[in-house]
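1. my questions concern the predicted model and sequence given below.
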Amino acid sequence: MTTSMQAADQLVADYLAELLTPAAIVPAAVVQVMAFEPGRKSSGTELVVEGDTRYLLCIAAGVRLAIPMRDVIHLLPMPPLAPTVATRPICLGRWRHPSGEARVADLAAVMSPDMAGSPATTLVLLSDRQWALACTVEDEPVVFGPDAIQWRTNATTRPWLAGMAKEPKCGVVDTAALIEWLEREECP
């Protein structure tokens, strides 16, 4: 990786870290790599902290994000998408699946509209089956210990960013809040 890319990655990581509410420093938790299992369906739209410990690690615009496995229905190589009339960089198009059709959001553009169009190799179908995320899946899901994530409270910006994991360092996505945010962005 070039020095400018490393600097850009560090800048984005530092920015995400600043968004978090300061909390007490806790010892680094053990991260265990798990084999992929389809995510379980959540019973509601609230963020569940206790018991939800498996996360899919994705890369979007050079930033590592963790998506709760309970909200992931399916992963597949990036398929061709049906075009959309949206002019917003977040909206990439639509993908027809056996249960219907999902709107596809560019996770890099969600991070920052300036980063729209960053390479994405994977489509992540979310539990509502109406939304999918274009990103790059980095590795097998990981398990975070109970103290591994510094949770945000009263977030006014990026309400879908639930917190920050320390090891591996990544932003943690609140999928329900992300879907709400995408709905407000009016991707047809």
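-> Yep, it's here. Numbering: from 1, shown residues only.
2. how long is stretch 150-168 end to end?
-> 13 Å (CA to CA, to the nearest Å).
3. could you do stretch 130-146 as well?
-> Terminal-residue distance, stretch 130-146 (CA to CA): 30 Å.
4. what are the buried residues along that stretch?
-> Under the neighbour-count criterion of 16 or more other CB atoms under 10 Å, stretch 130-146 has Trp131, Ala132, Leu133, Ala134, Cys135, Thr136, Val137, Glu138, Pro141, Val142, Phe144, Gly145 buried. Just so you know, the C-beta spots here come from the backbone N, C-alpha and C atoms, and that holds for glycine as well.
5. the bottom helix or strand of this protein by mean pLDDT?
-> strand 32-33 (a mean of 36; mean pLDDT, DSSP states H and E).
6. what are the contacting residues of stretch 113-121?
-> Stretch 113-121 is contacted from outside by 60-62, 77-78, 89-90, 106-109, 134-137, using CB atoms under 8 Å, 6 or more residues apart in numbering.
7. just the buried members of those?
-> 60-62, 78, 89-90, 106-109, 134-137.
8. between all of these, which two are separated the most?
-> Of all pairs drawn from these, the greatest distance, 21.3 Å, lies between Pro89 and Val137 (CB to CB).
9. tell me the pLDDT of the closest residue to Leu76 other than its chain neighbours.
-> Nearest residue to Leu76, sequence neighbours excluded (CB to CB, 6 or more residues apart in numbering): Leu123, at 5.3 Å. For Leu123, the pLDDT comes out at 95.
10. next: Met34.
-> pLDDT, Met34: 35.
11. likewise for the one 5 residues further on?
-> pLDDT, Gly39: 35.
12. again with Gly44
-> Confidence score, pLDDT, at Gly44: 39.
13. also the one 10 residues further on?
-> Arg54 carries a pLDDT value of 93.
14. and for the one 4 residues further on?
-> Taken from the predicted model, the pLDDT recorded for Cys58 is 95.
15. excluding its backbone neighbours, what's nearest it?
-> Cys135 (4.1 Å).
16. need the contact list for Ala102.
-> If you count contacts by CB under 8 Å, 6+ apart, then Ala102 has Arg94, Trp95, Leu125, Leu126, Arg129, Gln130, Trp131, Ala132 around it.
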